[in-house]
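Colleague: need a 3D model of the sequence below.
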Amino acid sequence: MKLGDDFTPFTIPIKHDVSIQGCQAGDGPPLVLLHGFPQTHLIWHKIAGELAKTYKVVALDLRGYGGSSKPASDASHKVYAKSTLASDVVTVMDRLNHDQFYVCGHDRGARVTHQLCVNYPDKVLKAMLLDIVPTLAMFQATDQVAATAYWHWFFLIQPPPFPERAMNGDPELWAQKFMALPGVKQEVFHPDALKAYTDLFRDTAGCHAMCEDYRAGATIDLEEQREDIKAGRKIKCPVKALWGAKGLVGTKFDALAEWRKVSDSEVEGQAIDCGHYIPEERPEELLGHILGWFK
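Modeller: Here you go, the predicted model:
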């Protein structure tokens, strides 16, 4: 499955034998699209073609997902820290000769976008964050409701190889479990895209990488966000946050208030009448928001 006939695939090497895979199309201002868990760049397949009429669309597979490298990690989890993944994005865009760009990220991709904005304020012109609040805010607000809804946060961070082997042992079951969230109708996922997401669980290295993504989220990512707050490092560019009204962000958090706490610039946004997977559940509505925001 491709995002469209006009999209050209690429693989860009990063230091330490890591390469990032993605595709690009269009001739306008550069717009980076970053997916979440447990998905790939294919989450954008319903809108990527239209976006390429206005932007130079660069859709990536994050480190550990899809066709990108899945390096082994260690006890520090730095290999999968959001700051590391943000550095991957900057390297890719530098190699593609884009000094500044727009970014739209969903789920884990939005967490990378957050750190990208903080660490590289001269690179990101504007950002859009889909269905998250900052990682530190999520953990600080965890109670029975949050832990029940986001149970996978605490499953995936268990020491290896327990969660890796569990997922790798029944890929279809786990993919189905992770995609079946409140308010999400399964028919919104294209069969080819769903197969690509399921394939993540068939890959031993992929299962480890996804767990390391979450282990980093529960350790080094929190440390780095605390350090950012202490040092007064905040998002400098304008931010638009969108979230699913039927998901945890929509029912538990004041998303705009949380993003304003970590931003020094304009923050706006609203709820969308859907669950977690906004790009596939409400593609036309999201398209309108993107075209209106990144200009």
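Colleague: how about Ala127, secondary structure?
Modeller: strand (DSSP: H, G, I helix; E, B strand; the rest coil).
Colleague: tell me, how many residues neighbour it?
Modeller: Neighbourhood size, Ala127 [other C-beta atoms under 10 Å]: 27. The way it works is simple: take the backbone N, C-alpha and C, and place the C-beta from them, glycine included.
Colleague: and for the one 4 residues further on?
Modeller: Here the neighbour count serves as a burial measure; for Asp131 (other C-beta under 10 Å) it reads 26.
Colleague: how about Arg202?
Modeller: 13.
Colleague: sheet-wise, list the partners of the host helix or strand of Leu31 with their directions.
Modeller: Here Leu31 sits within strand 30-34, counting by DSSP states H and E. Strand pairing for strand 30-34, using DSSP bridges, gives strand 56-60 (parallel), strand 101-106 (parallel).
Colleague: can I get those strands in JSON lines with mean neighbour count?
Modeller: Compiled in JSON lines, the strands paired with strand 30-34 are given as follows (neighbours: other C-beta atoms under 10 Å):
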{"stretch": "strand 56-60", "mean neighbour count": "26"}
{"stretch": "strand 101-106", "mean neighbour count": "26"}
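Colleague: could the ones you listed be laid out in a markdown table, adding mean pLDDT and distance to Ala48?
Modeller: Output for those, formatted as a markdown table (pLDDT from 0 to 100; distance: least, C-beta to C-beta, whole Å):
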| stretch | mean pLDDT | distance to Ala48 |
| --- | --- | --- |
| strand 56-60 | 98 | 6 |
| strand 101-106 | 98 | 11 |
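Colleague: so which of those comes closest to His45?
Modeller: Among those, the nearest to His45 by C-beta to C-beta is strand 56-60 (9.2 Å).
Colleague: quick one: average pLDDT of the strand holding Leu31?
Modeller: Across strand 30-34, the average pLDDT comes to 99.
Colleague: next secondary structure after that strand?
Modeller: As assigned by DSSP H and E, the chain's next helix or strand after strand 30-34 is helix 48-51.
Colleague: against which helices or strands is that following helix packed?
Modeller: Judged by 3 or more C-beta pairs under 8 Å, 6 or more residues apart in numbering; DSSP states H and E, the packing partners of helix 48-51 are strand 30-34, strand 56-60, helix 283-293.
Colleague: tabulate these in CSV, adding columns for distance to Gln24.
Modeller: Below are the helices and strands packed on helix 48-51 laid out as CSV (distance: least, C-beta to C-beta, whole Å):
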stretch, distance to Gln24
strand 30-34, 9
strand 56-60, 5
helix 283-293, 16
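Colleague: cool, thanks, talk later.
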